[in-house]
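In: Can you look at this prediction? I've put the sequence above it.
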Amino acid sequence: MKRNISIFITCFAFFSLLEVNQLCAQPDNWSQFRGINCSGLAAEDQNPPVIFGPDKNILWKTSLPVGYSSPCIWGDCIFITGINVEGKLLNLFCIDRNDGTIRWEEDIAVKEFEKIHAMGNPDTATPSTDGERVYFYFGSYGLLCYDLNGKQEWNLPMPIPNSRHEMGTSPIIKGDLVILNCIGDQNDPRLLAINKYDGSIEWKHSLEKPKNRDSFSTPVIYKDEIIIYASDYVAGYSIKTGDINWRFAIDVPDAVCTPVLGENILYIASHSTMGSPPMISQFPDFQAFAAKYDKNGDLKLDRNEVQDFRFKLYPEMPEIPGYDIPIMYVMGWWDSNKDNYIDSTEWNNKIEYWLARYNRQGLKAIKLGGEGDINMDHFLWGQTEDVPYLSSPLLYNNHIYMIKNGGTISCFNAKNGNRLYREKLGASGIYFSSPIVAGGRIYIASYKGIVTVFEAGTKPKLLVQNDMNEKIMATPAVVDNKLYIRTEKSLYAFGD
């Protein structure tokens, strides 16, 4: 009884702190993606190692199936997932935090996996736990609930979603509800609140089906609202009913990053691949283009004439396979009148459209507490440069940190948006992982497996770069002064 009362008081204090946006991580828990409310903040007294690697400060290493989910930790339990592609199995694990042994595992058979990105994986969602149950989500199956000893309590199968890539989002827990963002499912865009005890649906908020809406982000909680970032708008939904309380128009494709909360302020990073300088630089002026490819001189280009012209959809991310695209495969992007030709008007209109979309991207600070459409009254400031595509921003000590593909770290004043610095980390490539902070130090992992550690502050101070010698897509976790890193095929624990 005393333990239950203690847990109740702790949880009451925890959610009371959330009500006023004072994030306070617990030193022995990292209960969801990026820890408390997706913030990336470790408890204030945490001091994980700075230097680590496959042969440095390693406590243990556990081999795992390939997967991209991040560690979810409660006490001595680490919950994580994987997949077996050949066997069409979804893998669920509980790993002992003390020695890395597997306490229990479960395999869930599926008939097929959800559609994924060229560099994606059907195992993307990080589990979430309340200390009594743990919740696993897979786009290829649905939602599953287990007690901490590995007994399945319920499951909620769902149709395989139709998303542009894999779903990307992770479940979160608020009170008696499991919240799941399925807005990115173009067959049935929806936000779900599920009873965490029995798996029944408490409410479902359905959205209209606009073409190409994306939402890969994980929900965050503000007072009695669920905040979801989608490509058309970011919105606050009632925790009781799912109704929209407010929304702020974004209109930038690829809603990947998860927002972070300050004191009554939401910070959101929206990135537009189309229209970026590296993207636009691949397309010459139409006259120059026609001079090279217009074989019959009619100032119109058909498929045969442009068959040798290719462009990279993600020029900043050369590691992504399969996106060196022949323009003849996407003629429809330009051919607005459907006459099977590209003329100068269509060419220029598409470039102008991309540039307009690009100019809407950026890091935005939005004042919370409004109703209805809040674009006019609640926009505080914005920055259009240095925006990450995949990695979520980090708010710490009134500074916003962002890591851009290519390895550029930027720091902004959270109150006014002034850039404090922009520096190359020296670790190039893609960044799928999001930054976290512990002991006043920021940890960020590149896809190539380089984990950079630098001091937080107004000036960058690089401490070390640790090479894990393996790809990293997941975000690290910090508990009990230890650092937990999931690489593509292993889970590591590091400590001094």
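Out: Nice, I can see it.
In: and Asn245, what does it touch?
Out: With contacts taken as CB atoms under 8 Å, 6 or more residues apart in numbering, Asn245 has the following neighbours: Glu225, Ala235, Gly236, Tyr237, Ser238, Glu371. Backbone N, C-alpha and C define where each C-beta goes, glycine included.
In: and which of these is nearest Ile83?
Out: Ile83 lies nearest to Tyr237 out of the contacts of Asn245, by CB to CB, at 30.5 Å.
In: gap between that closest one and Asn187?
Out: Distance of Tyr237 to Asn187, computed by CB to CB, to the nearest Å: 20 Å.
In: can you check Ala255 too?
Out: Computed with CB to CB, the distance linking Ala255 and Asn187 is 17 Å.
In: so what's Val134 up against?
Out: For Val134, the set of contacting residues under the criterion of CB under 8 Å, 6+ apart consists of Cys72, Trp74, Cys77, Phe79, Cys94, Pro127, Ser128, Cys145, Tyr146, Asp147, Leu148.
In: ok, back up a step: mark which of the contacts of Asn245 are part of strands, please.
Out: Secondary structure from DSSP state E places Glu225, Ala235, Gly236, Tyr237, Ser238 of the contacts of Asn245 in strands.
In: Can you tell me the closest non-neighbouring residue to the second one?
Out: On the basis of CB to CB, 6 or more residues apart in numbering, the spatially nearest residue to Ala235 that is not a chain neighbour turns out to be Arg247, at 3.9 Å.
In: what kind of secondary structure is the one you found in?
Out: strand (DSSP: H, G, I helix; E, B strand; the rest coil).
In: surely it meets His378?
Out: No: under the criterion of CB atoms under 8 Å, Arg247 is not in contact with His378, lying 10.5 Å apart.
In: Have a look at the two and say which one is more surrounded.
Out: Neighbours around Arg247 and His378, counted as other CB atoms under 10 Å, are more numerous at Arg247. The numbers are 20 against 17.
In: Compute the distance between the more buried one and Asp188, please.
Out: When CB to CB is applied, the distance between Arg247 and Asp188 equals 20 Å.
In: mind listing the helices for the stretch 201-350 of the chain?
Out: In the stretch 201-350 of the chain, helices defined by DSSP state H, counting those that start in this stretch lie at 277-280, 286-293, 344-359, listed in chain order.
In: Go ahead and name everything in contact with the second one.
Out: The one in question is helix 286-293. With contact meaning CB under 8 Å, 6+ apart, helix 286-293 is reached by Phe283, Leu299, Leu301, Glu305, Val306, Asp308, Phe309, Ser344, Trp347, Asn348.
In: one step back: give me the more crowded residue out of Tyr237 and Asn187.
Out: Remark: of Tyr237 and Asn187, Tyr237 carries more neighbours, 24 against 12, as counted by other CB under 10 Å.
In: need the contact list for the more buried one.
Out: Tyr237 neighbours (CB under 8 Å, 6+ apart): Leu191, His205, Glu225, Ile226, Ile227, Ile228, Asp243, Ile244, Asn245.
In: Retrieve the pLDDT associated with Leu425.
Out: In the prediction, the pLDDT value recorded for Leu425 is 89.
In: isn't it right up against Thr408?
Out: Yes: contact between Leu425 and Thr408 holds when scored by CB under 8 Å: they sit 7.3 Å apart.
In: Next up, the contacts around the closest residue in space to Ile366 that isn't next to it in sequence.
Out: Spatial nearest neighbour of Ile366, excluding adjacent residues (CB to CB, 6+ apart): Leu266 at 4.6 Å. By CB under 8 Å, 6+ apart, the residues touching Leu266 are Tyr222, Ile227, Val234, Pro259, Val260, Ala365, Ile366, Leu368.
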